[in-house]
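Visitor: Sequence first, then the predicted structure:
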Amino acid sequence: MKWEAVIGLEVHAQMLTAAKIFCGCPTTFGNEPNSQTCQICIGMPGVLPVLNRKALEFAVRTGLATDCTISKYSRFARKNYFYPDLPKGYQISQFENPICEHGHIEIMVDNELKRIGITRIHMEEDAGKNIHEGAGPYSFVDLNRTGVPLMEIVSEPDLRSPKEAVEYMKKLRSIVRYLGVCDGNLEQGSFRCDANVSIRPVGQEEFGTRAEVKNINSFRYVEKAIEYEIKRQIKVVEGGGKVIQETRLWDAGRGITESMRSKEEAHDYRYFPEPDLVPIMVEQSWVDEIRASLPELPDAKKQRFVSDFGLTDCDAELLTSERTTAAWFERAVKANGQPKAVANWVMGDLMKLLNEENRSIEDCPIRPQQLAAMLQLIDKGTISGKIAKTVFDEMYKTGRDADEIVKEKGLVQISDSSEIEKIVDDIIAKSPKEVERFKAGDEKLIGFFVGQAMKASKGKANPQMLNELLKKKLA
C-alpha cells in the first residue's frame, strides 16, 4: 500500500517589540536569568495586563501580508495548564476569536507553485524556560521569556512532504523578516514550529491519527523530524498497530522522535475568555493605514526582478529570499546597470565568502558601489574576468576599492596586440608536438595553449585577443 503524508505546521514567531506583550519589561535575548521580569509577567495577584499596541500592529501586518481576513472583533483567552515555567498557571492566548483568519502563502516545490492555506494567526505570550543542566538534582526556571509576544501562525493540513514543510517555513520566515515583525532567528528560538504529522492511504480523503512534534528550531531538523515521523507511523500501521494521538519531541542527537505525553485537545486546556483584558476592536481605517505601509514582499519583488532585470525565476528567488540581499543587489544594479552580471557575482563569489565566515550581507565589507566599479573595470578591458576574482577576494579582505588594488598589484590587463603576439609565438615555438596534434584535428588542445599563455602573462593577457591570435597562428 502507498501512503501519503498530511502535514500542518504551527509556527511560533517572536515579535520584534521592545517590550513584552502585556507589560513594559524588555525582550532582549541572553540577559541574566530573571532580570527582565515584573509583577505582571510573573503573575503576582492583583496586577492587570495591558496589551502592547505594537504587538497588535505586527500581527495585523502579518495577516495582511498572508492575505488573511483581519477580525474587527477579537479577544484573548486563558489557556490553562500547569508547568513550572508558567507562573500564572495559564497562558494568555487567543482561541475562538483570533486576530487573523483564512489566509495563504504560495511556495515553489520542484518547479511547481503550490498554495498553502493559513487557518489563523493569533497573539499569545511566551512561557519561561526550565533549565535542567548544571543544577545537580534540581531544575531552575528563567522567566525572562515569560510574556514575550508571539504570533502563532497555523497552517491548513495542505503540506504533503518534509520538503514542502521546509519551503513553507522558509517562505514564512522571509515574509516576517521583510515586514520587520520578527528577526527569524531559529537558533535563539524566535522562529520555531510544531509539526502535526499523519499518514493515510493514497486516495483516501479521511485524515489519519496525527502526532505533534514540538519545538523544532531549524530547517534541517524540520525536514528530518517529519521524515522520521512519517516512516515511524508507516512502520506502526504496516506492523498491525495504530498510531496514537500524542505529543512527541525531536531528539536531534539520535535523529528520532520520542513520546512526550498524550496529545491535548482544546477542551483539555479549559479555554475561557480572559477577564482582565477588554476585547480588541480594530478599525478599518487603521487596517488600511497598515496595508498602505507594507513593503514590497518577496513574491512581488521576485516577479519585478524577472520582468525588469531579465533574471531567471531561480535567480530572482534566491536574490529576494532576504530583504537585505535584494536591497544590496538593487543598489549595485543602480550603480552599474548590468543586472545579470551583478546577480552572478552576488550569488557566486559574494555568497561563498559570506557563508564561509557565517556573515550576513549587512556585515559585508564590500559596498554595492564597489562591486559596480569593479564590473566597469572588466567592461573597459582594464582587468579580465579571471583577474577580477583575485581583485574581488582582496576587496572582501580589505574593503578597498578595485582600482586601487589593480594599480597597487599591477593587475592591469595586457591588451597590446604586439605584446600578446610575442607570448603566443613563444608558446607555439616551445610546443611543436602540441601544434602538430592540433593541426591534425585535436582542437581541444586550444585549452592547453590558452593556459600556457595565461601562465606566461601571469593571467593578465586579454582573453578575447589571446584566443583570436592563437586560432590565427595555429590555422
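Guide: Looks like it arrived, so ask away.

Visitor: so where's the stretch 151-300 of the chain shaky on pLDDT?
Guide: Across the stretch 151-300 of the chain, the ranges flagged by pLDDT under 70 are 263-264, 266.

Visitor: so residue 58, which of the three states?
Guide: helix (DSSP: H, G, I helix; E, B strand; the rest coil).

Visitor: Checking the closest residue to it other than its chain neighbours next. Helix, strand or coil?
Guide: Spatial nearest neighbour of residue 58, excluding adjacent residues (C-beta to C-beta, 6 or more residues apart in numbering): residue 181 at 4.0 Å. From N, CA and C alone the C-beta is placed, and that goes for glycine too. The three-state label given to residue 181 by three-state DSSP is coil.

Visitor: Neighbours of residue 181, how many?
Guide: Neighbour count for residue 181, taken as other C-beta atoms under 10 Å: 25.

Visitor: Same question for residue 401.
Guide: 17.

Visitor: Name the helix or strand for residue 351, please.
Guide: Assigned by DSSP states H and E, residue 351 belongs to helix 351-356.

Visitor: Return the set of buried residues in that helix.
Guide: By neighbour count on 16 or more other C-beta atoms under 10 Å, the buried set for helix 351-356 is 353-354.

Visitor: List the buried residues for the helix or strand just after it?
Guide: As assigned by DSSP H and E, the chain's next helix or strand after helix 351-356 is helix 368-380. For helix 368-380, the neighbour count (16+ other C-beta under 10 Å) marks 368, 370-378 as buried.

Visitor: neighbouring contacts of stretch 110-123?
Guide: Taking contacts as C-beta atoms under 8 Å, 6 or more residues apart in numbering, the residues outside stretch 110-123 that touch it are 21, 55-56, 59, 62-63, 66, 68, 76, 93-95, 98-108, 149-156, 158-159, 164, 168.

Visitor: Quick one: residues in contact with the helix holding residue 351.
Guide: In this structure, residues lying in contact with helix 351-356 by C-beta under 8 Å, 6+ apart are 360-361, 364, 393, 396.

Visitor: Columns distance to residue 451, neighbour count and pLDDT on top of those residues, output as CSV?
Guide: Output for the contacts of helix 351-356, formatted as CSV (distance: C-beta to C-beta, whole Å; neighbours: other C-beta atoms under 10 Å; pLDDT from 0 to 100):
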residue, distance to residue 451, neighbour count, pLDDT
360, 37, 10, 90
361, 35, 18, 94
364, 33, 20, 95
393, 21, 13, 95
396, 26, 19, 96
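
Visitor: Grab the two from those residues that are most spread out in space.
Guide: 360 and 393 (19.2 Å; C-beta to C-beta).

Visitor: returning to what we had before: how far is the helix holding residue 351 from where the chain is centred?
Guide: Averaging C-alpha positions (C-alpha atoms, centre = their mean, to the nearest Å) puts helix 351-356 15 Å from its chain's average.

Visitor: before we move on, the earlier item: next step: the contacts of stretch 110-123 restricted to strands.
Guide: Mapping the contacts of stretch 110-123 onto strands (DSSP state E) picks out 93, 100-108, 149-155.

Visitor: Tell me the buried residues within those residues.
Guide: Neighbour-count burial within those applies to 93, 100-101, 103, 105, 107, 149-155; the criterion is 16+ other C-beta under 10 Å.

Visitor: Show me which of those is closest to residue 410.
Guide: When these are compared against residue 410 (criterion: C-beta to C-beta), the nearest one is residue 107, at 50.2 Å.

Visitor: gap between the closest residue to residue 121 other than its chain neighbours and residue 118?
Guide: Among residues not flanking residue 121 along the chain, residue 100 sits closest, at 3.9 Å (C-beta to C-beta, 6+ apart). The spacing between residue 100 and residue 118, counted by C-beta to C-beta, to the nearest Å, is 8 Å.

Visitor: List the residues that are in contact with both of these two.
Guide: By C-beta under 8 Å, 6+ apart, the residues touching both residue 100 and residue 118 are 66, 68.

Visitor: Residue 20 touches residue 27, doesn't it?
Guide: Yes - proximity of residue 20 to residue 27 meets the contact threshold set by C-beta atoms under 8 Å, at 6.0 Å.

Visitor: Touching both of these two, which residues are there?
Guide: Joint contacts of residue 20 and residue 27 (C-beta under 8 Å, 6+ apart) are 148-149.

Visitor: okay, now residue 145: neighbour count?
Guide: 22.

Visitor: Tell me how far it lies from residue 129.
Guide: Relative to residue 129, and taking C-beta to C-beta, residue 145 is found at 6 Å.

Visitor: now the biggest strand by length in the chain against strand 149-155, angle please.
Guide: Across the chain, the longest stretch assigned as strand under DSSP E is strand 112-125. Angle, strand 112-125 to strand 149-155, by axes from the mean of the first three to the mean of the last three C-alpha atoms, to 10 degrees: 140 degrees.

Visitor: elements contacting the helix or strand just after strand 112-125?
Guide: Under the assignment DSSP H and E, the closest C-terminal helix or strand after strand 112-125 is strand 129-131. The elements that strand 129-131 packs onto, with contact taken as 3 or more C-beta pairs under 8 Å, 6 or more residues apart in numbering; DSSP states H and E, are strand 140-142.

Visitor: The strand it packs on: which residues count as buried?
Guide: Along strand 140-142, these residues count as buried under the neighbour rule (16+ other C-beta under 10 Å): 141-142.

Visitor: One more: stretch 289-302?
Guide: Neighbour-count burial for stretch 289-302 [16+ other C-beta under 10 Å]: 290, 297-299, 301-302.

Visitor: Show me how far that stretch is from its chain's centre.
Guide: How far stretch 289-302 lies from its chain's middle: 18 Å, per C-alpha atoms, centre = their mean.

Visitor: That stretch spans what distance, first to last residue?
Guide: For stretch 289-302, the first-to-last residue distance is 25 Å (C-alpha to C-alpha, to the nearest Å).

Visitor: So what touches that stretch?
Guide: For stretch 289-302, the surrounding residues in contact (C-beta under 8 Å, 6+ apart) are 57, 60-61, 64-65, 106, 171, 174-175, 178-180, 304, 313, 316-317, 320-321, 323, 326.

Visitor: Give me the buried entries from those residues.
Guide: 57, 60-61, 64-65, 171, 174-175, 178-179, 304, 316-317, 320-321, 323, 326.

Visitor: Could you export the buried ones among the ones in strands among the contacts of stretch 110-123 as JSON lines, including distance to residue 203?
Guide: What follows is those, written out as JSON lines (distance: C-beta to C-beta, whole Å):
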{"residue": "93", "distance to residue 203": "37"}
{"residue": "100", "distance to residue 203": "33"}
{"residue": "101", "distance to residue 203": "30"}
{"residue": "103", "distance to residue 203": "28"}
{"residue": "105", "distance to residue 203": "27"}
{"residue": "107", "distance to residue 203": "24"}
{"residue": "149", "distance to residue 203": "43"}
{"residue": "150", "distance to residue 203": "38"}
{"residue": "151", "distance to residue 203": "36"}
{"residue": "152", "distance to residue 203": "32"}
{"residue": "153", "distance to residue 203": "30"}
{"residue": "154", "distance to residue 203": "26"}
{"residue": "155", "distance to residue 203": "23"}
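
Visitor: What is the nearest of those residues to residue 389?
Guide: residue 107 (34.6 Å).
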